[in-house]
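J.: Just the structure for this:
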Amino acid sequence: MGTYAKSWLSFEQQADLLINKRGLVADRDNLIKHLADIGYYRLSGYWYIFKRQPRGAKDGTQDERFIEGTSFDQIWHLYIFDRQFRLVVFDAIERVEVYFRTQLAYELARETGTFGFLDANNLPRLKQGEYDRFIARCKDELRRSREPFALHFKEAYGDEHELPPYWILVNLMDFGTMIRLFNGAPAEIRKKLANDLGVSSRVLESWLVTINTVRNICAHHGRLWNRGIGTRPIIPKRSKHPEWHEPFSVRSDNMFGILIILSYLLEHIAPETSWRERLFKLLDRLSASELRRMGFTKGWQECPLWKEYAHNIKDAKE
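T.: Numbering: from 1, shown residues only. Presented below is the predicted three-dimensional model:
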């Protein structure tokens, strides 16, 4: 492991480095302003695709200079798109998350009781250590919460109950803890929730894990538009779900696949939503090459899962 050797640079020095040494076309004063507002490091996530690749390099190696003619306007265009894109994606995730919290609490309370989680046997897929950590996490969430419903519960019932009923508990826990609760639930409940959405419980679990990863990226204002997500969701099998494979095969290693998953879930959860229209209106700002970096490869409009919504983006973009 090496020693970090980069020195602190003023915003003016950062701008001069980008313009004079690395060849970025930019108005210096405007560039300084954006560096001060957003930061060199955050912006660098949007300009790395404009870096030069040394002749003969096949491993994606880049040097520090920009491709000749690269302007800051190109980088800023992607940054602004990504900021708006995160908001649209987060809107879909919020709807999925609220729905899932509601359904999970409803089914668990109906089948195992209002405080069914207090009996480890009601969460049979959690090992004892996992169960103990889950309960400890729930207690910590209740202790730290300043939500009015949590404060009311502690004041009114805290002398009798360490934890609230399922329908309050699921609204205190973070998304990751909720996934742990789903993972621990009886097989019948997991299957019921998944069947309601037209997929297997294994597929649904993988989707929730990926959605949680994307949610965290959005919440921390990270780059999303062309990002590879480390937790790859499972695509339903061709034999049972041919629409995921023909005539366009959905992959799980890019944003296109994740958008398809969110669109599919919203079709079941909120079929009246205008989310896709807002999404496509935003996507229409991107060039063909920018769309390809998100996984929108040739023929994507023919994917049956959202073909009827994609007619506004023309084939000319491919």
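J.: CA only for contacts and neighbour counts going forward, please
T.: Noted.
J.: centroid residue for this structure?
T.: For the chain, the residue nearest the mean C-alpha position is Val214 (1.6 Å; CA atoms, centre = their mean).
J.: where does the stretch 51-200 of the chain have low pLDDT?
T.: By pLDDT under 70, the weakly predicted segments of the stretch 51-200 of the chain are 54-63.
J.: What ranges does it have for its helices?
T.: Assigned by DSSP state H, counting those that start in this stretch, the stretch 51-200 of the chain shows helices spanning 72-112, 128-144, 148-157, 166-169, 175-184, 187-196.
J.: Lys51 contacts Glu68, doesn't it?
T.: No - contact criterion CA atoms under 8 Å: Lys51 and Glu68 do not qualify, at 9.1 Å.
J.: So for the two, which residue has more residues nearby?
T.: Using other CA atoms under 10 Å, the more surrounded residue of Lys51 and Glu68 is Lys51, with 19 against 13.
J.: any idea how far Phe256 is from the more buried one?
T.: Distance, Lys51 to Phe256, using CA to CA, to the nearest Å: 24 Å.
J.: Asn121 now?
T.: Taking CA to CA, one finds Asn121 at 40 Å from Phe256.
J.: who's more crowded, these two?
T.: More crowded of Asn121 and Phe256, by other CA under 10 Å: Phe256, with 22 against 16.
J.: I'd guessed the more buried one sits against Met294; true?
T.: Yes - with contacts counted by CA under 8 Å, Phe256 reaches Met294, the gap being 5.8 Å.
J.: neighbouring contacts of the host helix or strand of the residue nearest to the centre of the chain?
T.: In this structure, Val214 sits in helix 201-219 according to DSSP states H and E. Applying CA atoms under 8 Å, 6 or more residues apart in numbering, the contact partners of helix 201-219 are 86-87, 90, 93, 175-176, 179, 183, 190-191, 193-195, 223-224, 229, 231-236, 258, 261.
J.: Pull out the buried members of those.
T.: Buried by 16 or more other CA atoms under 10 Å: 86, 90, 93, 175, 179, 183, 190-191, 193-194, 223-224, 229, 231-236, 258, 261, out of the contacts of helix 201-219.
J.: which parts of the helix holding Val214 are buried?
T.: For helix 201-219, the neighbour count (16+ other CA under 10 Å) marks 201, 203-215, 217-218 as buried.
J.: want to throw the helices of the stretch 51-200 of the chain into JSON lines with distance to Arg42?
T.: Output for the helices of the stretch 51-200 of the chain, formatted as JSON lines (distance: least, CA to CA, whole Å):
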{"stretch": "helix 72-112", "distance to Arg42": "9"}
{"stretch": "helix 128-144", "distance to Arg42": "31"}
{"stretch": "helix 148-157", "distance to Arg42": "36"}
{"stretch": "helix 166-169", "distance to Arg42": "36"}
{"stretch": "helix 175-184", "distance to Arg42": "25"}
{"stretch": "helix 187-196", "distance to Arg42": "38"}
